[in-house]
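*Asks:* attaching a predicted model along with its sequence, questions to come.
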Number of protein chains: 2
Amino acid sequence: MYKFAGKKNNYMNIQCDKCVIRELNSLHSISSEEMNSVTKNKTTLHIKRGEVIFSEGSSLKGVYCLRNGKCKLTKLAPNGKEQIVRFIKKGELVGHRSVISNSVAHLTVTALEEMDVCFIPKLEILELFRTNSDFSMEITKSLAEDLDEANTSIANMAQKNVRERLAESLLFFEKIFGIDNEGFISVNLTREEIANAIGTATESTIRLLSEFKKEGYITLAGKKIKLKDKVKLKHLTEGY
Amino acid sequence: MYKFAGKKNNYMNIQCDKCVIRELNSLHSISSEEMNSVTKNKTTLHIKRGEVIFSEGSSLKGVYCLRNGKCKLTKLAPNGKEQIVRFIKKGELVGHRSVISNSVAHLTVTALEEMDVCFIPKLEILELFRTNSDFSMEITKSLAEDLDEANTSIANMAQKNVRERLAESLLFFEKIFGIDNEGFISVNLTREEIANAIGTATESTIRLLSEFKKEGYITLAGKKIKLKDKVKLKHLTEGY
DNA sequence: ATTAAAAACTGATAAATATCATATTTTGTA
DNA sequence: TACAAAATATGATATTTATCAGTTTTTAAT
């Protein structure tokens, strides 16, 4: 079962205006006065791989700003399988959808590695949204972008086969997570998690990865994956 | 190829505050003064089945408010097939995503039947967004809702098989479009369109509809569909 | 009312994918 | 370091779904 992230300590309550990731999300549009208020009211959490930041059905008391690390957003299907709907990394906000629409969380957010996350109370966010139209515009734009990506995802799921989706995902993983100094994709995903993202059986994912390796498009080292022939992978995403 | 809706006539330039659908979308939160401005600047279009309101890649000069009728939102996949991402009906807005994020349209909107559509210029909408925080909140909430539905759709596409998705879609069609006086679902969709919505081959859709009929869950009369056993269909969506 | 085009339908077959069973490897931790 | 648990891997088989080819029915335009 889930391990919940419980350690709410303020030991790292860095001022937001000194935070490196500030520029990366909607918070970049707030004034220094507003920033001070956020700094005062936020708390910082340290979270380990596999821990849940919040889960589907829970009611959120604020939004989370990711200082570093990566996580997955999942949805539980009626068959009990978890669908990974999206990946999120350093600099992004989570929970703003629930806070804005004043509803329960519809996704579960789970850390894929150690991460530091700042919790900003609901009131703080709603007040910013109401009084700072740059901020509300930013939040709205970010939802609009998410919606657009989700629509693309629907089309991919519906129109592409598993092989095409896997190729697509590998390129996507490298693009958003980058590579380590040996050239491997910088994210720690199990085969099952990859399967849950592309919507297939774990065995199919494993088999296709082996095929991609055999055909020379990727290198596998344990669970680490290196892309060797991105041009070919790009072609594979469109089925040739 | 597409037939574009070109007839921009003002013959039906009804005042927005008298419009029946006003209560149904984000515009319900605007003042009567603001409403007057919208009335003055909007134009009304009459559109026939199959005509395109706007298409993927085009840059929008405003948003469209659906006075009546139904339409489909589609996305062109690289394989040339069209994916229906969503259905929209009377009372809803389209194009606000593009206008808010100041980007090109990422979807094509096509009428499924005769419809009247009001066009509201971009400036009008952006001004409302900037100055009326109730309106911006409504727009944002509606994007948040769309996003949530899109995520559910991703999970359904990924986790459910074609039979389950078809059962789900039939129930969904009846729910959002209602039924006529003989009990048939009130929307005119070809088998191909249904297939494009659930992400399968047209033949598979036809075959499964025949099976559902043979098994007594639905009635078919031409392209019209009546749901006979909704409890069973509900069970089918979860695979039993 | 006639007729051409589009849509719906059906069957046969191929291809893709899931499932089950089991072996091997890796990982985390005592 | 050892060992149990988890993850990865592979083969055999069943199931689902797509594709192709053709027929019938419906629709819309003249």
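*Replies:* Ah, there it is. Since this is a predicted model, take the numbers as computed values, not measurements.

*Asks:* so how far is chain B from the nearest residue to residue A:16 once chain neighbours are set aside?
*Replies:* Leaving aside its sequence neighbours, residue A:16 sits nearest to residue A:39 (Cβ to Cβ, 6 or more residues apart in numbering or on different chains; 4.6 Å). (Each C-beta comes from the backbone N, C-alpha and C, glycine too.) Counting by Cβ to the nearest Cβ, to the nearest Å, the gap from residue A:39 to chain B is 24 Å.

*Asks:* from the contact counts, what lies against the strand or helix carrying residue A:39?
*Replies:* In this assignment (DSSP states H and E), residue A:39 forms part of helix A:32-41. Judged by 3 or more Cβ pairs under 8 Å, 6 or more residues apart in numbering or on different chains; DSSP states H and E, the packing partners of helix A:32-41 are strand A:115-121, helix A:122-131.

*Asks:* help me confirm that residue A:97 comes into contact with residue A:140.
*Replies:* No - Residue A:97 lies out of contact with residue A:140 (Cβ atoms under 8 Å); the separation is 11.3 Å.

*Asks:* next, the angle from the helix holding residue A:39 to helix A:122-131.
*Replies:* Orientation of helix A:32-41 against helix A:122-131 (axes from the mean of the first three to the mean of the last three Cα atoms, to 10 degrees) gives an angle of 170 degrees.

*Asks:* how near is the residue lying closest to residue A:177 once chain neighbours are set aside to residue B:67?
*Replies:* Once flanking residues are discounted, residue A:177 sits nearest to residue A:187: 4.1 Å by Cβ to Cβ, 6+ apart. Relative to residue B:67, residue A:187 is positioned 48 Å away (Cβ to Cβ, to the nearest Å).

*Asks:* quick one, phi psi at residue A:100?
*Replies:* Backbone torsions of residue A:100, given as degrees, to the nearest 10, read phi -60, psi -40.

*Asks:* what pLDDT does it get?
*Replies:* Reported pLDDT at residue A:100 in the predicted model: 93.

*Asks:* near it, how many other residues are there?
*Replies:* Using other Cβ atoms under 10 Å in any protein chain shown, residue A:100 has 22 other residues around it.

*Asks:* ok, it - contacts?
*Replies:* Contacts for residue A:100 (Cβ atoms under 8 Å, 6 or more residues apart in numbering or on different chains) come out as A:129, A:139, A:143, B:137, B:140-141, B:144.

*Asks:* contacting residues around the most centrally placed residue in chain A?
*Replies:* Nearest residue to the geometric centre of chain A (Cα atoms, centre = their mean): residue A:88, 1.6 Å. Applying Cβ under 8 Å, 6+ apart, we find residue A:88 in contact with A:66, A:70-73, A:94, A:109.

*Asks:* how about the strand or helix carrying it and DNA strand C, touching?
*Replies:* Assigned by DSSP H and E, residue A:88 belongs to strand A:82-89. No - figure legend: strand A:82-89 not in contact with DNA strand C (Cβ under 7 Å from any atom of the strand); closest approach 12.2 Å.

*Asks:* is chain B contacted by the helix or strand following that strand?
*Replies:* Per DSSP H and E, the first helix or strand lying C-terminal to strand A:82-89 is strand A:93-94. No - against chain B, strand A:93-94 shows no contacts by Cβ under 8 Å from any Cβ of the partner chain, the least distance being 12.6 Å.

*Asks:* give the pairing partners of strand A:93-94; include direction for each.
*Replies:* According to DSSP bridges, strand A:93-94 forms sheet pairs with strand A:62-68 (antiparallel).

*Asks:* could you give the angle of the strand it pairs with to strand A:115-121?
*Replies:* 150 degrees.

*Asks:* chain center to strand A:62-68: distance?
*Replies:* Put simply, strand A:62-68 sits 11 Å off its chain's centre (Cα atoms, centre = their mean, to the nearest Å).

*Asks:* ok, now stretch A:37-44?
*Replies:* 22 Å.

*Asks:* residues near the residue nearest to residue A:16, how many?
*Replies:* Residue A:39, neighbours per other Cβ under 10 Å, totals 17.

*Asks:* pretty sure it contacts residue A:15?
*Replies:* Yes - contact status for residue A:39 versus residue A:15: in contact at 4.9 Å, counting by Cβ under 8 Å.

*Asks:* my read: residue A:24 touches residue A:89, true?
*Replies:* No - checked against Cβ under 8 Å, the pair residue A:24 and residue A:89 is beyond contact range at 9.5 Å.

*Asks:* hmm, the helix of greatest length in chain A touching chain B?
*Replies:* Determined from DSSP state H, the single longest helix within chain A is helix A:133-159. Yes - for helix A:133-159, a contact with chain B is found by Cβ under 8 Å from any Cβ, at A:133, A:136-137, A:139-141, A:143-148, A:150-159.

*Asks:* quick one: work out the angle between that helix and helix A:32-41.
*Replies:* 70 degrees.

*Asks:* got the buried residues for helix A:133-159?
*Replies:* Buried residues in helix A:133-159, defined by neighbour count with 16 or more other Cβ atoms under 10 Å in any protein chain shown: A:133, A:135-144, A:146-148, A:150-159.

*Asks:* remind me which residues of chain A are low pLDDT?
*Replies:* Low-confidence segments of chain A (pLDDT under 70): A:1-13.

*Asks:* ok, which residues in chain A are in contact with DNA strand C?
*Replies:* A:161-163, A:199-201, A:203-204, A:222-223.

*Asks:* what's the separation between whatever residue of chain A ends up closest to DNA strand C and DNA strand D?
*Replies:* Using Cβ to the nearest atom of the strand, residue A:161 is the residue of chain A that sits closest to DNA strand C, at 2.9 Å. Relative to DNA strand D, residue A:161 is positioned 8 Å away (Cβ to the nearest atom of the strand, to the nearest Å).
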